[in-house]
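J.: when you get a sec, could you give me coordinates for this:
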Amino acid sequence: MKGELKMKSKMKWVGLFGLVLSAFSIFIHFLLARFTQMGVADYDSSITIFSWRPIFEKPIPITNSPSHRRLWGPVKRLESLYPDSNPQGNYADPVSQTNGFIFVRILGGFHEIRNSICDVVVVARLLNATLAMPEIQSTTSSKGISSQFKSFAYLYNEEQFVLSLAKDVTVVRTLPKDLKGARRKKEIPVFRVPYSASPFYYFHHVLPVLKSHSVVELVVSEGGCLKATLPPDFEEYQRLRCRVSFHALKFRQEIQELSAKILQRLRAPGRPFIAFDPGMTRESLAYHGCAELFQDVHTELIQHKRSWMIKRGIVKGKLLINSAEERLKGSCPLMPEEIGTLLRAYGYSRDAIIYVSGGEVFGGQRMLIPLHAMFENVIDRTSLSTPWEMIRLYGQEVNLVNTPGPPPFTEEVTKRAAWKNAGPRPRPLPPPPARPKSYNIEGWWGWVAESDNEPDNTVMELRTNAHKLLWEAIDYVICVEADVFIPGFDLDGKGHPNFASLVMGHRLYQSAASKTFRLDRKEAAKLLDEIREHMHHANRTWLESVRRHMTKTLLDGIIEASNKSKLQSFLSHPVPECSCSRRDSFEVSKNSSSPSTSQLWKALGVARRCPAWMDSGPVSLSKDKENEEVVVDEDDSVSELFFRQSAENHEGDAEVITKEENQFEDQEDEGGDR
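T.: Sure thing, here's the model as predicted:
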């Protein structure tokens, strides 16, 4: 009996010890999950990130094969184009005695802020003024965002900005105390600068006031306060724009570190990747009249926004626009499934990695479902980062109390009580449930049918808008570094170049030969309509047409950008002012017998040879460097493009050198042109 009691007592102690140990283990796991600064993805990104599908079953393609070069290789005719934004000739350092201080408040989204900062630096140089650090976030308390990174420092590195521009403009972190006090009292002159103002506007209107008051405040809200194209004698100011955008505007350290981690995780499988920017925002869709591309409430939302724009003079057209006609004109964005169709037709396999960028895709994630059906590895920043890493990026933010639901309606309670106490049937129907008056910007848009005015943003919505700047900063870095970039749309909600245009301009400056598709949406819409009824079985002639068109846009898109985009945003096409040509390629392009090459270099207008220190390696002068050919692979993946998932189809995708590719190799050696 005593032995049994002792045994039971021991078992109780063992059980108690086990419970304590389990509780302690759970507590330790909680601490590790909450306070560790490294996510699980840091340990094995290739497994963690792509865990929802089989890890790459096919071998990495041979990098020197014609197929791989066509899909991922550089654009050969642009290999001799190098970045060079250093001052040319006589360019004096800023003088210590300036005409006064310029304080700038910048309103807008990511691309508008970036464009505006470059413009205001040039304006400060034009007026010989001292530039106070631009303000891009007016307050932090009203948005509920972290006060750790104030205003300009919320997005960019202040120290890098000041040091990089030391020989261009005098930049101070804040106004002197007396001027700061005068600004609080609203005693300094304020200019609401028009979009794309000329230098003479500043000379005739702003400079006299600056000299008399020693300080002016500029409010920039349209995404650019200086003309994109300047007279030839202002070429140094164009190069200054390049130095600001591509060298001085570095993101703050936390953004750079997380962007580098995401890039490392993207490249961990050892494969190149495509960056895709949809450009599908509600504002851009409303401005260009593309409401009918969507259904139900999304169409209502776009039309509501378009009506709002018409009332304020932003849009001068009609409210009802035939979206099908606008799409065929190239005025509407290409939908994600259309981009996927073009990429598959061009030859990218189903397991190609596609990184989707952008702070917002109108219509939500459901708009990307068809793209997911065509490609297995469609990912974004949320797939490649941990919540803890994003929290570190945001900084210490105050906890926002959840918005309470609508208060109980006395009238409704009274009606329901009367209904219950009513006499025998027939009785009146119960009143319908009242619609709440507080709406979630990501949920049901109930106000569309009730009011012409949209509800004021809640603090949480303001915080989300601030976070979008950080999301787009990460996406910007990744898109610039991507092996291939393809935009769905390159215009914003005011008809100006958008995020994708900035990325394409940066890629043209930094690595001109990197593959960047600048699609002709009008031609692409026609090609897509040809196959819309029989998309499962692609016509071989159609495939050749798509590939020829996409190959053509690699060069013709640059020529078109020089004629259109540059007139609205210099940073979308910073050539020829900020580029130079290698010495040997300069002679070849000048004396080239190829009409297309001559036309390209004439459009680029790069007449400046690169400095001698850039001539570190030889550039091949053979004619095959001037040819970009179309290759049609003979595999199942191009005859049945999107929905076949059999194992033998994967084997077909793995073929990298076919009979026609060998013929293409011979054509390159012969130097034949199209």
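J.: how close does the most centrally placed residue in the chain get to Ser331?
T.: Closest to where the C-alpha atoms of the chain average out (CA atoms, centre = their mean) is Gly358, at 4.3 Å. As judged by CB to CB, to the nearest Å, Gly358 and Ser331 stand 19 Å apart. Placement of C-beta: from N, CA and C, glycine included.
J.: same deal with Glu533?
T.: From Glu533 to Ser331 the distance is 24 Å (CB to CB).
J.: neighbour count for those two, which is higher?
T.: Ser331 (20 against 6; other CB atoms under 10 Å).
J.: how about the contacts made by that one?
T.: By CB atoms under 8 Å, 6 or more residues apart in numbering, the contact set of Ser331 is His288, Gly289, Cys290, Arg521.
J.: give me the next element, helix or strand, following the lowest-mean-pLDDT helix or strand in the chain.
T.: Sorting the helices and strands of the chain by mean pLDDT, DSSP states H and E puts helix 45-48 at the bottom, at a mean of 36. As assigned by DSSP states H and E, the chain's next helix or strand after helix 45-48 is helix 66-72.
J.: number of residues surrounding Val484?
T.: Val484, neighbours per other CB under 10 Å, totals 20.
J.: that one and Ala275 touch, don't they?
T.: Yes - using CB atoms under 8 Å, Val484 is in contact with Ala275, at 7.1 Å.
J.: so where's the stretch 101-250 of the chain uncertain?
T.: 138-142 (pLDDT under 70).
J.: which stretches of it form helices?
T.: 110-126, 158-164, 177-184, 199-201, 207-213, 235-243 (DSSP state H, counting those that start in this stretch).
J.: out of the ones you listed, which one sits most buried?
T.: Among the helices of the stretch 101-250 of the chain, ranked by average contacts under mean count of other CB atoms under 10 Å, first place goes to helix 110-126 (a mean of 25).
J.: that one vs helix 235-243, what angle?
T.: If you take axes from the mean of the first three to the mean of the last three CA atoms, to 10 degrees, helix 110-126 sits at 140 degrees to helix 235-243.
J.: go through the helices of the stretch 101-250 of the chain and name the closest to Thr541.
T.: helix 110-126 (38.7 Å; CB to CB).
J.: now that closest one - C-alpha only, PDB.
T.: The C-alpha trace of helix 110-126 is given here as PDB (Å, rounded to 0.1, in the frame of the first residue of the first chain):
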ATOM      1  CA  PHE A 110       6.300  57.800 -54.200                       C
ATOM      2  CA  HIS A 111       7.000  58.800 -57.900                       C
ATOM      3  CA  GLU A 112       5.700  62.300 -57.300                       C
ATOM      4  CA  ILE A 113       7.900  62.800 -54.300                       C
ATOM      5  CA  ARG A 114      11.000  61.500 -56.100                       C
ATOM      6  CA  ASN A 115      10.400  63.700 -59.200                       C
ATOM      7  CA  SER A 116       9.700  66.800 -57.000                       C
ATOM      8  CA  ILE A 117      12.900  66.400 -54.900                       C
ATOM      9  CA  CYS A 118      15.000  66.400 -58.000                       C
ATOM     10  CA  ASP A 119      13.300  69.500 -59.400                       C
ATOM     11  CA  VAL A 120      13.500  71.500 -56.200                       C
ATOM     12  CA  VAL A 121      17.300  70.800 -55.900                       C
ATOM     13  CA  VAL A 122      17.700  72.200 -59.500                       C
ATOM     14  CA  VAL A 123      15.500  75.200 -58.500                       C
ATOM     15  CA  ALA A 124      17.700  75.900 -55.500                       C
ATOM     16  CA  ARG A 125      20.800  75.800 -57.800                       C
ATOM     17  CA  LEU A 126      19.000  78.100 -60.300                       C
END
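J.: and it, what does it pack against?
T.: Helix 110-126 is packed against strand 101-106, strand 130-132, strand 215-220, helix 235-243, helix 459-481, helix 499-510, with contacts defined by 3 or more CB pairs under 8 Å, 6 or more residues apart in numbering; DSSP states H and E.
J.: and the first one, what does it pack against?
T.: Secondary-structure packing of strand 101-106 (3+ CB pairs under 8 Å, 6+ apart): helix 110-126, strand 130-132, strand 215-220.
J.: circling back to that earlier point, any chance of the helices and strands packed on helix 110-126 in a markdown table, plus distance to Leu155?
T.: Shown next, in a markdown table, are the helices and strands packed on helix 110-126 (distance: least, CB to CB, whole Å):
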| stretch | distance to Leu155 |
| --- | --- |
| strand 101-106 | 11 |
| strand 130-132 | 17 |
| strand 215-220 | 15 |
| helix 235-243 | 18 |
| helix 459-481 | 5 |
| helix 499-510 | 14 |
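J.: domains in the protein, as residue ranges please.
T.: For the chain, the TED database gives the domain ranges 101-250, 255-280+333-396+460-568.
J.: want to throw the ones you listed into CSV with distance to Val75?
T.: CSV is the format used below for these (distance: least, CB to CB, whole Å):
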stretch, distance to Val75
domain 101-250, 20
domain 255-280+333-396+460-568, 5
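J.: what sits against the nearest residue to Glu577 once chain neighbours are set aside?
T.: Nearest non-adjacent residue to Glu577, counting by CB to CB, 6 or more residues apart in numbering: Gln238, 4.1 Å away. Going by CB under 8 Å, 6+ apart, Gln238 touches Leu230, Phe570, Pro574, Glu577, Cys578.
J.: looking at these, which is nearest Val20?
T.: Using CB to CB, Pro574 comes nearest to Val20 of these, at 65.6 Å.
J.: quick one: the closest one and Gly505 touch, right?
T.: Yes - taking CB under 8 Å as the definition, Pro574 is a contact partner of Gly505 at 5.6 Å.
J.: looking at these two, which is more packed in?
T.: Gly505 (27 against 23).
J.: which residues touch the residue lying closest to the more buried one once chain neighbours are set aside?
T.: In this structure, Gly505 finds its nearest non-sequential neighbour in Ser572, 4.3 Å apart by CB to CB, 6+ apart. Shown in contact with Ser572 (CB under 8 Å, 6+ apart): Asp490, Pro497, Ser501, Leu502, Met504, Gly505, Ala561, Ser565, Lys566.
J.: just Cys242 next, same as before
T.: Shown in contact with Cys242 (CB under 8 Å, 6+ apart): Pro83, Ser85, Tyr509, Leu571, Pro574, Glu577, Cys578.
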